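> Predicted model, plus sequence, below.
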Amino acid sequence: MKIARTIAELREARKDMGRVAFVPTMGALHSGHLSLMTAAKELADHVVVSIFVNPTQFGPNEDFDRYPRQLEKDTEACQSVGVDLLFVPTPDEMYPEGLESSTFVEVLGLTDYLCGASRPGHFRGVTTVVTKLFNAVQPQVAVFGQKDYQQAAVIARMTRELLMPIEIVAAPTARESDGLAMSSRNYNLSPEARIEALALSRSLKRAWSAFAAGESNGSVLVALTRDTLQEGLRDASRIDYVDCVDPITLEPSASIGEVGAVMCVAAHVGGVRLIDNIRLDKPLPHELQ
Ligand SMILES: Nc1ncnc2c1ncn2[C@@H]1O[C@H](COP(=O)(O)OP(=O)(O)OP(=O)(O)O)[C@@H](O)[C@H]1O
Ligand SMILES: CC(C)(CO)[C@@H](O)C(=O)[O-]
Ligand code: BAL
């Protein structure tokens, strides 16, 4: 596996590669990330992974400084699943003009909801850095996780509308055996908070079961989900959102029809912000059964 630390090194290594599948990450890799890399291997001749904790997608009071970093372990993990090229740029390499640059990429509409509403400016940081990474890596296909459902939708919309010749693939959420969605931020959970965090997946399971039993009113499903989440959290005021949304537009679903819906939750557990979601119209993930 080659490692590139600069754009110049990346471009040099990229020259020898044909069709590339790209997996952008912020590191502190877990099995969810590795499942994206394994999926990427099926889609192209070479797999490129980036690890970059992007400062511009964190708000001033968010956890940029506390975000877990473990580059040595991550490098071994990438090697173990057969990644061809690992790109680990510094902030100066990604933002040579400084973090307050005058050029950025912003997707309107889709970013009004969910994390876009609770983390102002977050998606502008994500779409700008992903555009830069796409320009640097020049992949044919890029793989994102459905755990960050809105992020995958926003990036798919961006690539389509900006005519980027890149296919966006959204891969399923990897979960721990007790249902918790894998997330780098789980590394920051205390043992007590790790147990409390199960309230997120439990609340989604409740929504799924009610939908499967015939409930299709979005507000009723949101209320059930919120109740379950509140019951499981020590501080209910730390819920950022519980929303049942259209899978394409991400607008709140009043009534779930043929296109189905996604139930999305975000909450702070023991000082760690976690998100999760579930498609109500698809089979229940086996870890939640
Ligand atoms: N449990 C998971 N299953 C599948 N993909 C995942 C999972 N968690 C994250 N991903 C995907 O991995 C990619 C990189 O995400 P990132 O490095 O931010 O990891 P993360 O675990 O989501 O971290 P965070 O704690 O910031 O939420 C994204 O496309 C994200 O959707
Ligand atoms: C896509 C991404 C790597 C952009 O910084 C990040 O938002 C993430 O890890 O999901
Ligand atoms: N996994 C999405 C990146 C973030 O939370 O900033």
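Ah, there it is. In this text the structure is predicted, and so the values were computed from the model without any measurement. Numbering: from 1, shown residues only. Ligands and ions are numbered 1, 2, ... in the order given.

> Now do the contacts for the closest residue to His122 other than its chain neighbours.
Once flanking residues are discounted, His122 sits nearest to Gln57: 5.2 Å by CB to CB, 6 or more residues apart in numbering. No exception for glycine: its C-beta is placed from N, CA and C like everyone else's. Gln57 makes contacts with Gly121, His122, Phe123, Arg124, Gly125, Val126, Val129, as judged by CB atoms under 8 Å, 6 or more residues apart in numbering.

> Can you get me a residue count around the first one?
In this case it means Gly121. 16 (other CB atoms under 10 Å).

> ditto for Gln150
23.

> Show me which positions of stretch 275-288 end up buried.
Neighbour-count burial for stretch 275-288, counted by 16 or more other CB atoms under 10 Å, picks out Ile275, Asp276, Asn277, Ile278, Arg279, Leu280, Asp281, Pro285, Glu287.

> can you give me phi and psi for the residue of the stretch 51-200 of the chain found nearest ligand 2?
Closest residue of the stretch 51-200 of the chain to ligand 2, CB to the nearest ligand atom: Asn54 (3.9 Å). Dihedral pair for Asn54: phi -80, psi 110, per degrees, to the nearest 10.

> Give me every residue in the stretch 51-200 of the chain lying close to ligand 2.
Asn54, Gln57, Val126, Val129, Val130, Asp148, Gln151 (CB under 6 Å from any ligand atom).

> Sort out for me which of those are in strands.
Among those, no residue falls in strands (DSSP state E).

> so can I have JSON lines of these showing pLDDT and distance to ligand 1?
Below are those laid out as JSON lines (pLDDT from 0 to 100; distance: CB to the nearest ligand atom, whole Å):
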{"residue": "Asn54", "pLDDT": "98", "distance to ligand 1": "9"}
{"residue": "Gln57", "pLDDT": "98", "distance to ligand 1": "9"}
{"residue": "Val126", "pLDDT": "98", "distance to ligand 1": "9"}
{"residue": "Val129", "pLDDT": "98", "distance to ligand 1": "11"}
{"residue": "Val130", "pLDDT": "99", "distance to ligand 1": "10"}
{"residue": "Asp148", "pLDDT": "98", "distance to ligand 1": "4"}
{"residue": "Gln151", "pLDDT": "98", "distance to ligand 1": "6"}
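
> Out of those, which is nearest to Ala39?
Nearest to Ala39, judged by CB to CB, of these is Asp148 at 15.1 Å.

> so that closest one sits right up against Leu274, yeah?
No: Asp148 lies out of contact with Leu274 (CB atoms under 8 Å); the separation is 11.6 Å.

> out of those two, which sits in the more crowded spot?
Comparing Asp148 with Leu274 by neighbour count (other CB under 10 Å), the higher total belongs to Leu274, at 25 against 19.

> Surely the more buried one is within a helix?
No: judged by DSSP: H, G, I helix; E, B strand; the rest coil, Leu274 forms no part of a helix; its state is strand.

> For Ser101, report the pLDDT, please.
On pLDDT, Ser101 comes in at 88.

> That one belongs to a helix?
No: assigned with three-state DSSP, Ser101 falls outside any helix and is coil.

> Could you give the number of residues near it?
Ser101 has 12 neighbouring residues, counting by other CB under 10 Å.

> Ser201 now?
24.

> now do Phe58
17.

> got a list of what it touches?
Phe64, Tyr67, His122, Gly125.

> try 10 Å this time
Phe58 is in contact with Phe64, Asp65, Tyr67, Arg119, Gly121, His122, Gly125, counting by CB atoms under 10 Å, 6 or more residues apart in numbering.

> quick one: the closest residue to the last one other than its chain neighbours from Leu85, how far?
It stands for Gly125. Among residues not flanking Gly125 along the chain, Gln57 sits closest, at 3.1 Å (CB to CB, 6+ apart). Per CB to CB, to the nearest Å, Gln57 is found 23 Å from Leu85.
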